[in-house]
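>>> let me see the structure of the following:
(chains A and B)
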Amino acid sequence: MEIDRLDGRTPNQLRPLACSRNVLNRAHGSASWCQGDTKVLVAVYGPKAGTKKNENPEKACIEIIWKPKTGQSGKLEREYEMILKRTLQSICILTLNPNTTTSVIIQVVNDDGALLPCAINAACAALVDAGIPLKHLAVAICCCLAESGYVVLDPSKLEEQKMKAFAYLVFPNSVLSILPEEQLQVGGEPVEHGIITSVTQGAMSVDDYLHCLERGRAATAKMSAFLRKSLQPQLPIDSSKAG
Amino acid sequence: MVLPDASGDVLSEMDVDAFRRLFPLRFFETHLVKSTRPDGRSLAEARETSSALGAVASADGSALVKIGSTRMLAAIKMEVMTPSKESPDEGCIAIDFHMPPICSPTVRPGRPAEAAPVVSKQLSDTISSCGMINLKELSLISRKAAWMAYLDIYCLDADGALFDAALLSAVAAFSHLQIPVVSMNDDGKVVVLSGDHGGKEPVNKGKRKLTLSSIPFSLTCLLHKNYILADPTAEEESVMETLVTVVLDSSGQLVSLYKPGGPVLAYTSAIQDCVALTRQRARELQTILDEVTSSMEVD
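Sure, this is the predicted structure:
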């Protein structure tokens, strides 16, 4: 049972990815990330001195400002800000710059589905560009579930509306390590299979969700390879040593 | 856990309360290794839950829910509106979640709490995606009049698992909802009838209750190392930061699996454990809800 997608993609096919870094002059780090027609621009400022009220001064604080394409930011934007903040907090090494604030400004340029995953990927690239210390990268993907139980990856806006449920999933990227593989596993599963963030909408069975997880993991492996490739050339000259 | 000698001496003489404040993580971990929690619960055990219907007399439906000391007051106000052109025979639900300064020391007056819009969005997403309420039932006259249900949830005491308590209170308030009687007046407008009917024929006779199909039940779990703590308190949430909220409906479908970041990664086994805990909790909540609604019918 094949499913026909509007743009003729196969269910597992992602839209073309494009990532450019250092696109803004004044920002300490910036990136733009495109997935098909969805495009997000991210600027990172910081680390700046001091944390906001109610934040732990023994750790670095991350502030997210989400700017929608048009109009005022509402509840949806607030929720996205919170999810992004918690997601980025989990990949940053917060204890290296205590009592500082890093501002991450997300500007939506165009929304054609899978907006939050696109923003997370963009924010990751911008943090790397700004040189903020990270434990690892995060790769985000949107999985959609059709009425027939079929899973479709990286949907466009039209597809997103037609589906019965979707899940935004964020995984850590695969690490290059000299350690033997067994040591990188947690309870029999590789580290990159752990979920950093999961947001779902619409009812589905638990098995369908697990199926989404599987497909999402397979796709993020490809995306993390792309992310690694697009971040590599701009690294300092000693990239030959890193090998 | 091996402590350095010097601090070991200090710790042995230290007061429990001081230890709890100074080394909150270590305090909780010493409990966790013994599979217990500071309030005497086991790891998978939720706090005592109770609910009362009809707490607000002026509202059309209301409920007060307590999970441990987390307390939520939900109230529904019905208003007649003109339905939108896109969905002429459907009503509408507007959900708002409020966190007044009374609920927690971190909320300051004047500045809205960070969590409030997030919980409010999560609630409307959950209630719309589980299909608990058929919006067609909120229609009065196609293209002319439909109900707008304003659901407001006030957090009176925020002691962790806010979303769980808010969702339970929303469900309880909907089960208590009595739709007011309306009739058409001489100008062709739909008005709410008060007290005696004034000789006019009500528009919605015999349609005073909403049928709730597939009710959503949620459980928030806290992940810390390999431990899974069900229904965390505010203190536990602030010390160990990885939260997973699972929402299942009464037919066992997964309505939402919500994990906004956090330092601990969730592997498939942890996800399955959380789902299993939620399944158990859904049964508990179902009985609580059944008890409270059946006692209402007796009255």
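>>> going forward, measure contacts and count neighbours with C-alpha atoms only.
Fine.
>>> can you map out the strands along the chain?
You didn't pick a chain, so chain A it is. Along chain A, counting by DSSP state E, strands occupy A:17-21, A:29-35, A:38-49, A:61-67, A:100-110, A:138-145, A:151-153, A:165-172, A:185-186, A:189-190, A:197-201.
>>> could you do chain B instead?
According to DSSP E, the strands that chain B contains are B:49-53, B:61-67, B:70-81, B:92-98, B:139-141, B:145-157, B:182-184, B:190-192, B:216-224, B:227-230, B:242-249, B:254-258.
>>> and the first one, which strands flank it?
As defined by DSSP bridges, the strand partners of strand B:49-53 come to strand B:61-67 (antiparallel).
>>> what about residue A:95, neighbour count?
Residues lying near residue A:95 (other C-alpha atoms under 10 Å in any protein chain shown) number 13.
>>> how close does it get to chain B?
Distance of residue A:95 to chain B, given as C-alpha to the nearest C-alpha, to the nearest Å: 13 Å.
>>> that residue and residue A:56 touch, don't they?
No. Using C-alpha atoms under 8 Å, residue A:95 makes no contact with residue A:56, being 10.6 Å away.
>>> leaving out chain neighbours, which residue sits closest to residue A:81?
Closest residue in space to residue A:81, ignoring its immediate chain neighbours: residue A:64 at 5.7 Å, by C-alpha to C-alpha, 6 or more residues apart in numbering or on different chains.
>>> who are the contact partners of that neighbour?
Applying C-alpha atoms under 8 Å, 6 or more residues apart in numbering or on different chains, we find residue A:64 in contact with A:81-82, A:84-85, A:103-106.
>>> before we move on, the earlier item: in TSV: the strands of chain B, plus mean pLDDT.
As requested, the strands of chain B are exported to TSV (pLDDT from 0 to 100):
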stretch	mean pLDDT
strand B:49-53	93
strand B:61-67	95
strand B:70-81	94
strand B:92-98	94
strand B:139-141	85
strand B:145-157	94
strand B:182-184	81
strand B:190-192	77
strand B:216-224	94
strand B:227-230	94
strand B:242-249	94
strand B:254-258	93
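>>> so which of these gets nearest residue B:106?
The closest of the strands of chain B to residue B:106 is strand B:145-157. By C-alpha to C-alpha, the value is 11.8 Å.
>>> list the contacts for the nearest residue to residue B:221 once chain neighbours are set aside?
Leaving aside its sequence neighbours, residue B:221 sits nearest to residue B:230 (C-alpha to C-alpha, 6+ apart; 4.4 Å). Taking C-alpha under 8 Å, 6+ apart, we find residue B:230 in contact with B:43-46, B:219-222, B:277.
>>> ok, which residues in chain A are in contact with chain B?
For chain A, the residues in contact with chain B (C-alpha under 8 Å from any C-alpha of the partner chain) are A:54, A:75-76, A:78-79, A:82-84, A:86-91, A:189, A:193-206, A:209-210.
>>> and those residues, which are buried?
A:76, A:78-79, A:82-84, A:86-91, A:193-204, A:206, A:209 (16 or more other C-alpha atoms under 10 Å in any protein chain shown).
>>> out of the helices and strands in the chain, which is least certain?
Just going to use chain A. The helix or strand of chain A with the lowest confidence, counting by mean pLDDT, DSSP states H and E, is helix A:239-242 at a mean of 44.
>>> circling back: ok, the residue nearest to residue B:221 to chain A distance?
Distance, residue B:230 to chain A, by C-alpha to the nearest C-alpha: 18 Å.
>>> got it, and residue B:105?
Relative to chain A, residue B:105 is positioned 10 Å away (C-alpha to the nearest C-alpha).
>>> any idea how many residues pack against that residue?
The local packing of residue B:105 (other C-alpha under 10 Å) involves 8 other residues.
>>> per-residue pLDDT, it?
The per-residue pLDDT reported for residue B:105 equals 88.
>>> how many residues are close by residue B:144?
Neighbours of residue B:144 using other C-alpha under 10 Å come to 17.
>>> doesn't residue B:85 make contact with it?
No. Residue B:144 is beyond contact range of residue B:85, at 10.2 Å (criterion: C-alpha under 8 Å).
>>> quick one on the thing from earlier: mind putting the contacts of residue B:230 into CSV with distance to residue B:54?
As requested, these are exported to CSV (distance: C-alpha to C-alpha, whole Å):
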residue, distance to residue B:54
B:43, 33
B:44, 31
B:45, 28
B:46, 25
B:219, 24
B:220, 26
B:221, 30
B:222, 32
B:277, 30
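>>> flag the shaky bits of the stretch 1-150 of chain B, pLDDT-wise.
By pLDDT under 70, the low-scoring segments of the stretch 1-150 of chain B are B:1-11.
>>> no, scratch that, I was asking about chain A
Applying pLDDT under 70 to chain A picks out residues A:1-3, A:184, A:187, A:233-243.
>>> which helix is the longest one in it?
helix A:206-231 (DSSP state H).
>>> and residue B:291, how far from chain A?
To chain A, residue B:291 is 27 Å away according to C-alpha to the nearest C-alpha.
>>> need the pLDDT of that residue.
Looking at residue B:291, its pLDDT stands at 91.
>>> run a quick neighbour tally on it.
The burial count for residue B:291: 12, using other C-alpha under 10 Å.
>>> and for the one 3 residues further on?
For residue B:294, the tally of surrounding residues (other C-alpha under 10 Å) stands at 10.
>>> hang on, residue B:225 packs against residue B:263?
No. The pair residue B:225 / residue B:263 is not scored as a contact, 9.6 Å apart, by C-alpha under 8 Å.
>>> who in the stretch 101-250 of chain B is up against chain A?
So the stretch 101-250 of chain B meets chain A at B:106, B:117-118, B:120-121, B:125-126, B:129-130 (C-alpha under 8 Å from any C-alpha).
>>> those residues, buried ones only, as a PyMOL selection?
Entered in PyMOL, the line below selects the buried ones among those, by 16+ other C-alpha under 10 Å:
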select buried, chain B and resi 117+118+120+121+125+126+129+130
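>>> quick one, helices of the stretch 151-299 of chain B?
Applying DSSP state H, counting those that start in this stretch to the stretch 151-299 of chain B gives helices spanning B:162-176, B:234-239, B:268-298.
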